[in-house]
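Peer 1: quick one, structure for this:
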Amino acid sequence: MERITIDECEETCGGSEQGCEHIKNSLIDGLASEEMAQLFKALGDPTRIKMIYALSQKELCVHDLSYVLDMGQSAVSHQLRYLRNLRIVKRRKVGKTVYYSLEDEHVEQVFLQTYKHISHK
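Peer 2: Numbering: from 1, shown residues only. Sure, this is the predicted structure:
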């Protein structure tokens, strides 16, 4: 792989190797960038977006989510398993009923900030 140097930058750029070195040394590591990409990939599906929105309103069971999303319970369970594996949602069991909610406030904030961004004109 060819190594790029700051010397190749155009004079008008104003970049310096010292200024860029700090950024280069503080880049997000491979594991963190992979996990973030997986999170954004999960948010790339309209059904999962609706599911996350519903769960941001209140804790729901699979049956309630099926009703709200007008989907079969099997399809809802499949999406919930995907979101659980990425730590976007969590579950709580009461007797035979399993309730789902967002994993934590960070998930809700990412969702709400993204929604606010696309709503901003």
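
Peer 1: alpha carbons only for contacts and neighbour counts from here, please
Peer 2: OK.

Peer 1: in this protein, which spans are helices?
Peer 2: 17-25, 30-42, 46-57, 62-69, 73-85, 105-119 (DSSP state H).

Peer 1: which of those has the lowest mean pLDDT?
Peer 2: Ranked by mean pLDDT, the helices of the chain bottom out at helix 17-25, which scores a mean of 78.

Peer 1: counting contacts, what elements does that one pack onto?
Peer 2: When contacts are defined as 3 or more Cα pairs under 8 Å, 6 or more residues apart in numbering; DSSP states H and E, helix 17-25 packs onto no helix or strand at all.

Peer 1: dump the residue contacts of the most centrally placed residue in the chain.
Peer 2: The chain has residue 39 as the residue nearest its centroid, 3.1 Å off, counting by Cα atoms, centre = their mean. The neighbourhood of residue 39, defined by Cα atoms under 8 Å, 6 or more residues apart in numbering, consists of 86, 88.

Peer 1: now it: how far from residue 23?
Peer 2: 23 Å (Cα to Cα, to the nearest Å).
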